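[1] when you get a sec, could you give me coordinates for this:
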Amino acid sequence: MKLDEILATAGAHKKRRRVGRGIGSHRGKTCGRGSKGYGARAGWKAQWGYEGGQNPQISRLPKRGFNNFNFRQNYQIVNVADLEKLFADGAKVDAVALAGAKLIDDAAKAVKVLGNGQLTKKLTVVAAKFTASATAKIQQAGGTTEIVAS
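    Here you go, the predicted structure:
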């Protein structure tokens, strides 16, 4: 056996297509590169994921994975000044009373009391959360605070 007698596998070495050789070759003029633009230039290489300027598929797909958004706790906010205006001395202020006074939208949702304003009335306030200043103002006026599970 001689080296020149060894046959290569058929189709293993396909001939390179010669472009830019006239109309009859079907690869004349623009040589199969279209007309103008980045792809018509030498050295062009497609960037991975680039779709010609349209919004890429990776951006069109929704984000997935864990985040805390679904586990957040939303509180309905009530200020101490609002309690001073709408409730009588010695009243019990809970979510139902606040909803009746139209300070909150839903009595079933958690309420947080903030310390904005002054309080002179003795109130029993029931809520899911209190700020430190709100607790201090309610107790200073002779009232009590009760934390209920939200």
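
[2] drop to CA atoms for contacts and neighbour counts, all remaining ones
    Noted.

[3] now the phi/psi pair for residue 78, please.
    Torsion angles at residue 78 (phi, psi; degrees, to the nearest 10) stand at phi -130, psi 130.

[4] that one reaches residue 110, doesn't it?
    No: under the criterion of Cα atoms under 8 Å, residue 78 is not in contact with residue 110, lying 10.9 Å apart.

[5] gap between the nearest residue to residue 145 once chain neighbours are set aside and residue 27?
    Closest residue in space to residue 145, ignoring its immediate chain neighbours: residue 125 at 5.0 Å, by Cα to Cα, 6 or more residues apart in numbering. Residue 125 sits 85 Å away from residue 27, going by Cα to Cα, to the nearest Å.

[6] these two: which is more packed in?
    Under the neighbour definition other Cα atoms under 10 Å, residue 125 and residue 27 were set side by side, and residue 125 has more, 20 against 16.

[7] in three-state terms, label residue 34 for me.
    Three-state assignment for residue 34 (DSSP: H, G, I helix; E, B strand; the rest coil): coil.
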